[in-house]
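Peer 1: model the following, please.
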Amino acid sequence: MFPFNITPDSALKEIQEFGNKLGEGMQTLTELGEIPVGASEFEVVYHEDKLTLNHYKPLVKNPNKTPILIIYALVNRPYMTDLQKGRSLIEGLLKNGQDVYLIDWGYPDAADRYLSLDDYINGYIDNCVDNVCDRAGVDKLNILGVCQGGTLSLCYTSLHTHKVNNLITTVTPVDFHTKDDQLSHMVRNVDIDLLVDTVGNISGDMMNTTFLSLKPFRLNGQKYLDMVNLLGDEDSALNFMRMEKWIFDSPDQAGQAYKEFISQFYQQNKLIKSEVMVGEHRIDLKNITVPVLNIFAKDDHLVPVAASKALEKYVGTDDYTPLEFPGGHIGIFVSGKAQKMIPPTVAEWLTERS
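Peer 2: Residues are numbered from 1 along each chain as shown. You can find the predicted model right below:
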């Protein structure tokens, strides 16, 4: 006997209902227009090459005197941290009294082919840190790194600890050779030199295909079947399309920096061995003696918990706080649960160390 009670009539009815929902949903999609993203007002206070430094308008009278600089990954657009009202890490931080800046890397092109990790870390990030400190009249700031941006933040703090007051890492890979790291297993044996020497910059489409292939059924099929049930409601449809816009708005990667990152981090796992070289500088996580708040996601398929939790064993600080979020890699920024948990926790943690 079949375990499901399916008859020809019930199957036909389900197909007809699905078709009706799809038709109604297509009508909703045609009426949405431009998909808006962003919840918080900001001004661009610094510009260098493709990069802009955004300063967000405070939402309290007397925000924290020590500003917080968000360093996002190079591989996606940073508006994920400020997707929409009520689903915004930045909005939450502002409401909890933080003075927030963010680096927007822009869209690298052929002119950026030879940008290195040294250019990003000791060039762009350091210039932004100096700009924020000058504007705020402080010698040190707080840094919040996101995913790959968290790894870059670790490297920066290792080399410039005297400019960092507190460091927060979110869904940040540290040990790149954990058993459950699918992305690491996928790229570990790629001839990265040949790839970059052949194509130059790595296209955003290539990166996107790689990420989607980690959960091919869920991200390439089931998601769009589930979508049909959302499209009858305009707000639900907008929420879905905002996420789709972000997923497929993927910048190209500067070839040289990409090659250095994949080779040193993913393929050779040099970060935990104190062997990563950024220009002429060696990265030693033991140099990080500032307080560290490390936030990771329990159901993260891109950065496994073990890959993030490893940080505790390698940093030199005596003030280390781990925090596990009960969700996934993206939910940690946009879910309702995250809005109630992450910004207040970050703000409280920073206040205790101000």
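Peer 1: pretty sure H47 sits against L53.
Peer 2: Yes. If you go by C-beta atoms under 8 Å, H47 and L53 touch, sitting 7.4 Å apart. No exception for glycine: its C-beta is placed from N, CA and C like everyone else's.
Peer 1: higher neighbour count, these two?
Peer 2: L53 (23 against 11; other C-beta atoms under 10 Å).
Peer 1: now do the contacts for G150.
Peer 2: 71, 169-173 (C-beta atoms under 8 Å, 6 or more residues apart in numbering).
Peer 1: swap the cut-off to 6 Å and go again
Peer 2: By C-beta atoms under 6 Å, 6 or more residues apart in numbering, the contact list for G150 reads 169, 172.
Peer 1: so how far is C133 from it?
Peer 2: 20 Å (C-beta to C-beta, to the nearest Å).
Peer 1: what's the answer for L323, then?
Peer 2: Distance of L323 to C133, given as C-beta to C-beta: 27 Å.
Peer 1: for A297, same thing?
Peer 2: For A297 relative to C133 (C-beta to C-beta), the value is 31 Å.
Peer 1: more neighbours: which of the two?
Peer 2: A count of neighbours by other C-beta under 10 Å puts A297 above the other of A297 and C133, at 24 against 17.
Peer 1: isn't that one up against C147?
Peer 2: No. Taking contacts as C-beta atoms under 6 Å, A297 lies outside contact range of C147: 10.3 Å.
Peer 1: need the overlap of contacts for the two.
Peer 2: Common neighbours of A297 and C147 (C-beta under 6 Å, 6+ apart) are V171.
Peer 1: all helices for the stretch 201-350 of the chain, in order.
Peer 2: In the stretch 201-350 of the chain, the helices defined using DSSP state H, counting those that start in this stretch lie at 204-212, 216-217, 223-227, 234-248, 255-261, 305-309, 311-314, 331-334, 336-352.
Peer 1: just send the ones you listed back as JSON lines, with mean neighbour count and distance to V37 too.
Peer 2: Shown next, in JSON lines, are the helices of the stretch 201-350 of the chain (neighbours: other C-beta atoms under 10 Å; distance: least, C-beta to C-beta, whole Å):
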{"stretch": "helix 204-212", "mean neighbour count": "15", "distance to V37": "17"}
{"stretch": "helix 216-217", "mean neighbour count": "9", "distance to V37": "26"}
{"stretch": "helix 223-227", "mean neighbour count": "13", "distance to V37": "18"}
{"stretch": "helix 234-248", "mean neighbour count": "16", "distance to V37": "6"}
{"stretch": "helix 255-261", "mean neighbour count": "22", "distance to V37": "25"}
{"stretch": "helix 305-309", "mean neighbour count": "19", "distance to V37": "27"}
{"stretch": "helix 311-314", "mean neighbour count": "16", "distance to V37": "30"}
{"stretch": "helix 331-334", "mean neighbour count": "22", "distance to V37": "11"}
{"stretch": "helix 336-352", "mean neighbour count": "17", "distance to V37": "16"}
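Peer 1: wait, which of those is closest to K163?
Peer 2: Among these, helix 336-352 comes nearest to K163, with 16.2 Å by C-beta to C-beta.
Peer 1: spatially nearest residue to Y314, not counting backbone neighbours?
Peer 2: Residue nearest to Y314 in three dimensions, not counting chain neighbours: L285, with 4.2 Å by C-beta to C-beta, 6 or more residues apart in numbering.
Peer 1: next, count neighbours for Q267.
Peer 2: 17.
Peer 1: any idea how far the nearest residue to it once chain neighbours are set aside is from A254?
Peer 2: Distances taken as C-beta to C-beta, 6+ apart place R188 nearest to Q267, at 5.4 Å, with adjacent residues excluded. To A254, R188 is 21 Å away according to C-beta to C-beta.
Peer 1: then L144?
Peer 2: In this view, L144 and A254 are 23 Å apart by C-beta to C-beta.
Peer 1: with N201 instead?
Peer 2: N201 is 6 Å from A254, by C-beta to C-beta.
Peer 1: then R135?
Peer 2: Distance from R135 to A254, by C-beta to C-beta: 27 Å.
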